[in-house]
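**Student:** test case, fold it:
(one chain, ligands or ions: 1)
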Amino acid sequence: MTSSLADDIRYCPYCRSELELRLIAGRERPYCPACARPFFSDPKLAVAVIIYHEGQIVLQRRAIEPGIGLWSFPSGFVDRGEVVEEAALREVREETGLLVELERLVGLYSHRGHPVVLAVYQARVVGGQLQASEESSAVAWFPLDALPPLAFPHDLVILQDWQRTRHGTGLNDLQRHLEPYHLRREKQNKASGEDIPSE
Ligand SMILES: [Zn+2]
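**Tutor:** Modelled structure (predicted):
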């Protein structure tokens with residue numbers, strides 16, 4: 001998925017005319033001259049869940065690109081019209097087999113020029129059984145001081161925010177443990193132009 005709607009659609013979905021770019025509401029946007037209709041690109045909302053129990057969190061090993069073979073939180077896109085919290089519960093159930101209860105919103109994460117806004121929740125397990133899905137080749141509990149290679153630079157940022165807001169402290173063991181890997185991965189991602197899962 002590209003960051004710009006202009007890159008994604010070239011023809012009007014209503015009349016199939018070729019779209020042009022026009023300056024509308026301060027930005028160049030796709031515009032259908034036949035329908036006299038501008039097209040506005042909305043952000044895309046995704047959810048991720050930190051499932052926590054006694055010093056451990058659940059991560060899944062990604063079976064698809066980007067970040068294949070690396071580990072990340074259960075996450076996915078919110079459907080249009082779906083309640084965000086219900087999407088979080090659904091993604092966890094689909095990707096880990098666990099039933100969870102959301103405890104709090106950890107934060108909202110967005111990047112300039114990128115379409116995805118990620119809402120991150122903290123949750124606790126209330127049922128189900130841990131099992132891998134189509135999108136993950138493995139799911140497992142990991143102690144916070146022995147996490148596997150994380151798939152995306154923002155995973156570490158999210159964990160740091162989560163830790164900081166749980167304990168009210170700044171830098172922690174987690175960061176010291178993972179920072180070299182995180183920086184290395186960030187450089188790789190900059191080179192390949194990817195840092196967030198896209199469709
Ligand atoms: Zn049209």
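**Student:** list the contacts for the residue lying closest to residue 18 once chain neighbours are set aside?
**Tutor:** Excluding the flanking residues, the one nearest residue 18 by CB to CB, 6 or more residues apart in numbering is residue 11, at 6.0 Å. Just so you know, the C-beta spots here come from the backbone N, C-alpha and C atoms, and that holds for glycine as well. Contact partners of residue 11, counting by CB atoms under 8 Å, 6 or more residues apart in numbering, are 17, 18, 19.
**Student:** mind listing the helices in this structure by residue range?
**Tutor:** 5-8, 84-96, 153-167, 173-192 (DSSP state H).
**Student:** quick one: average pLDDT of the last one?
**Tutor:** Taken as a whole, helix 173-192 has an average pLDDT of 55.
**Student:** what residue of the chain is the furthest out?
**Tutor:** For the chain, the residue at maximal distance from the C-alpha centroid (CA atoms, centre = their mean) is residue 34, at 37.0 Å.
**Student:** hmm, residue 118 and residue 109 touching each other?
**Tutor:** Yes: if you go by CB atoms under 8 Å, residue 109 and residue 118 touch, sitting 4.4 Å apart.
**Student:** mind listing what residue 79 touches?
**Tutor:** Residue 79 neighbours (CB under 8 Å, 6+ apart): residue 87.
**Student:** now it: how far from residue 42?
**Tutor:** Distance, residue 79 to residue 42, using CB to CB, to the nearest Å: 14 Å.
**Student:** residue 75 too?
**Tutor:** Per CB to CB, residue 75 is found 19 Å from residue 42.
**Student:** can you check residue 85 too?
**Tutor:** Remark: distance between residue 85 and residue 42 (CB to CB) = 20 Å.
**Student:** check residue 93 too.
**Tutor:** 26 Å.
**Student:** got it, and residue 151?
**Tutor:** Here the criterion is CB to CB. By it, residue 151 lies 25 Å from residue 42.
**Student:** more neighbours: which of these two?
**Tutor:** Neighbours per residue (other CB atoms under 10 Å) separate residue 151 from residue 42, with residue 151 holding more: 25 against 9.
**Student:** show me the residues around the more buried one that make contact.
**Tutor:** Residue 151 sits next to 62, 66, 67, 70, 71, 72 when contact means CB under 8 Å, 6+ apart.
**Student:** kindly recompute the last result at 7 Å.
**Tutor:** Contacts here follow CB atoms under 7 Å, 6 or more residues apart in numbering; on that basis residue 151 touches 62, 67, 70, 71, 72.
**Student:** pick the one among these closest to the ion.
**Tutor:** residue 67 (37.9 Å; CB to the ion).
**Student:** and that closest one, its phi and psi?
**Tutor:** Note on residue 67: its backbone torsions stand at phi 80, psi 30 [degrees, to the nearest 10].
**Student:** equivalent analysis for residue 113, please.
**Tutor:** Residue torsions, per degrees, to the nearest 10, at residue 113 are phi 80, psi 0.
**Student:** counting neighbours, what do you get for it?
**Tutor:** Neighbour tally, residue 113, other CB under 10 Å: 8.
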